[in-house]
Each structure stands twice: as structure tokens, then as C-alpha cells.
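Asker: I would like to see how this sequence folds:
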Amino acid sequence: MIFPVPRRARGVAARVAAAHSLHPPVAMAVTTLPPALAALCAALGELPGIGPRSAERIALFLAQAPPETGRRLAQAIVAARERVQVCRNCGALTETQPCGICADARRDPTCLCVVERPVDVLFLERAGSFRGRYHVLGGKLSPLSGVEPEDLRLAELEARLAREPVREVILALASDVEGDATCHYLAQRLGGRAVTLTRLAHGLPAGTALDLADEVTLHRALAGRQPLTP
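Answerer: Residues are numbered from 1 along each chain as shown. From the prediction side, this is the model:
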């Protein structure tokens, strides 16, 4: 059964149709970033730890900040890229040759700490407990990723051991599979030299309870236990 539409309703429908014919509804606008801001977001998104939302917030901030803010940031980026280089002796980041650590006569030349990346030097220096010198390998052995011994700064390490009075080499590498393999390889390659090879202790971090540690960490903590003196 079809019910008839009341005359009043037909009149309202006619007026609405007429209004739509004169003023058609506007489609929902899609907001997009200007091309320059989109390019800035894409560039910021390539930085480590910066996701799409963070990149967009930073880009919008820079676009609305005073021109001096963006200019100072751009100048600082260019200056850092042009001035910062790798120390030819140890491989750390520096603006001078050699770096400040290698040139510091107060550092202990008999103790050499081997690290994976230049940033690891910064982390150890912030701890403030090591007063020797460093050597950056530039990576870890990883055959699956194509990183072989010749890809690391091993020849430079052997040259330093030949010309510097190093008595202890500390292997400060990560405790993962690649780090363990690299330490094992270095122990074999440097085993015939008159130096003592040591590795950073691995165990429970400070302030960590036993129930928060995994089996590997507990095993290494037990294996690397130290005597307790009264």
C-alpha cells in the first residue's frame, strides 16, 4: 500500500529541492599541506625517532616560527655537516685532527676501549669512569648483512697496537649475536699479542629486580659475579 504524501510535506520538499538547485551542497574540503611543508615533513621523517606526526608538528612549528628560528636551525645543520669529521686515529666524531681525547696527554695510553660506533664514545664519556682512549670499529661482523672483517677498522686497530703502548684492550660491544661474534673474532685475531683482552661485564642493570630480568641476563650475571669484601 502506498500512502499519499501530505500537501504540506510536498511543499517543504519542493522548497528544499529548489534551494539545492540554486545552492548545491559544498563537498568536504580535503586539507593538504603545501608542497614545501610536505617536503619538509618527508625530510624530517627520515631522522631517527621522528614519526609522521612528529615530523608534521615540527614542520608546522618551523613554518609559523620567526624566520630567524628556521635560519639558525638550517645554519646549525649545515655547519655540523661541514665541520664534524671522523678522527683519523680513533674514529670518533671531532672538528679537529686528532680529536680532543687522542690529543689529551692526561688520558691513559695503555688502555684502549674498542666500540662499535662513534656515538658509543659519547655514551662512555658521559659515564665519566673511563680515562683511557678509544677505537671505533665502525660496525660489527654480520655475514648475513655483508659485513666482513675487511669492512671494519681492524687494520687500524692492529696498527695502533703496534705503535702505542697499549696493555689492555676493552671490548665494549653489544651483547647480541653480532657483538659476541665480533668479540670472539677479535680474541682470535689479537690473541698472539702482548695485550690483555677484556670485555664489559653483562648482568643485572642497576635498580632492576630479578623478576624483570630474562634468562640470558641472569646467566651472565651469575657467570660474572664478583667477590664481596667486607
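
Asker: measure the spatially most central residue of the chain to Ala105 for me?
Answerer: Note on the chain: the residue nearest the mean C-alpha position is Pro48, at 6.1 Å, using Cα atoms, centre = their mean. Relative to Ala105, Pro48 is positioned 36 Å away (Cβ to Cβ, to the nearest Å). Placement of C-beta: from N, CA and C, glycine included.

Asker: same thing with Gln188?
Answerer: From Gln188 across to Ala105, the span is 33 Å (Cβ to Cβ).

Asker: Between these two, which has more neighbouring residues?
Answerer: More crowded of Gln188 and Ala105, by other Cβ atoms under 10 Å: Gln188, with 9 against 5.

Asker: That one: what secondary structure?
Answerer: The three-state assignment at Gln188 reads helix, by DSSP: H, G, I helix; E, B strand; the rest coil.

Asker: ok, now Glu82?
Answerer: Classification of Glu82 by three-state DSSP places it in helix.

Asker: Toward the C-terminus from the lowest-mean-pLDDT helix or strand in the chain, list the very next helix or strand.
Answerer: Here the helix or strand of the chain ranked lowest by mean pLDDT, DSSP states H and E is helix 7-22, holding a mean of 52. Next in sequence after helix 7-22, counting helices and strands by DSSP states H and E, comes helix 35-45.

Asker: What residues sit buried inside the helix or strand just after that following helix?
Answerer: For helix 35-45, the following helix or strand on the C-terminal side (DSSP H and E) is helix 52-64. Using 16 or more other Cβ atoms under 10 Å as the test for burial, helix 52-64 gives 55-56, 58-59, 62.

Asker: for stretch 222-229, same thing?
Answerer: When burial is assessed from 16+ other Cβ under 10 Å, stretch 222-229 yields no buried residues.

Asker: Kindly format the C-alpha coordinates of it as PDB.
Answerer: Extracted in PDB, the C-alpha atoms of stretch 222-229 (Å, rounded to 0.1, in the frame of the first residue of the first chain):
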ATOM      1  CA  LEU A 222      75.900 -15.300  37.700                       C
ATOM      2  CA  ALA A 223      78.800 -16.000  35.500                       C
ATOM      3  CA  GLY A 224      80.300 -12.500  36.000                       C
ATOM      4  CA  ARG A 225      79.700 -12.400  39.800                       C
ATOM      5  CA  GLN A 226      82.400 -10.500  41.900                       C
ATOM      6  CA  PRO A 227      83.700 -11.300  45.400                       C
ATOM      7  CA  LEU A 228      82.200  -9.300  48.100                       C
ATOM      8  CA  THR A 229      84.700  -7.700  50.500                       C
END
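
Asker: Could you list the low-pLDDT ranges of this protein?
Answerer: 1-31, 228-230 (pLDDT under 70).

Asker: can you list the domain ranges for it.
Answerer: By the record's domain assignment, the chain is partitioned as 35-83, 93-200 (automatic domain parsing).

Asker: so how far is the first residue of the shortest one from its last?
Answerer: What that stands for is domain 35-83. Domain 35-83 has an end-to-end distance of 31 Å (Cα to Cα, to the nearest Å).

Asker: What residues are bridge-paired with Glu142?
Answerer: For residue 142 the amino acid is Ser, not Glu. Beta-bridge pairing for Ser142 (DSSP bridges): Val147.

Asker: Run a quick neighbour tally on it.
Answerer: Neighbours around Ser142, by other Cβ under 10 Å: 16.

Asker: which non-adjacent residue is nearest Ala187?
Answerer: Leu197 (5.6 Å; Cβ to Cβ, 6 or more residues apart in numbering).

Asker: In three-state terms, label the one you found for me.
Answerer: Secondary structure, three-state DSSP: Leu197 is strand.
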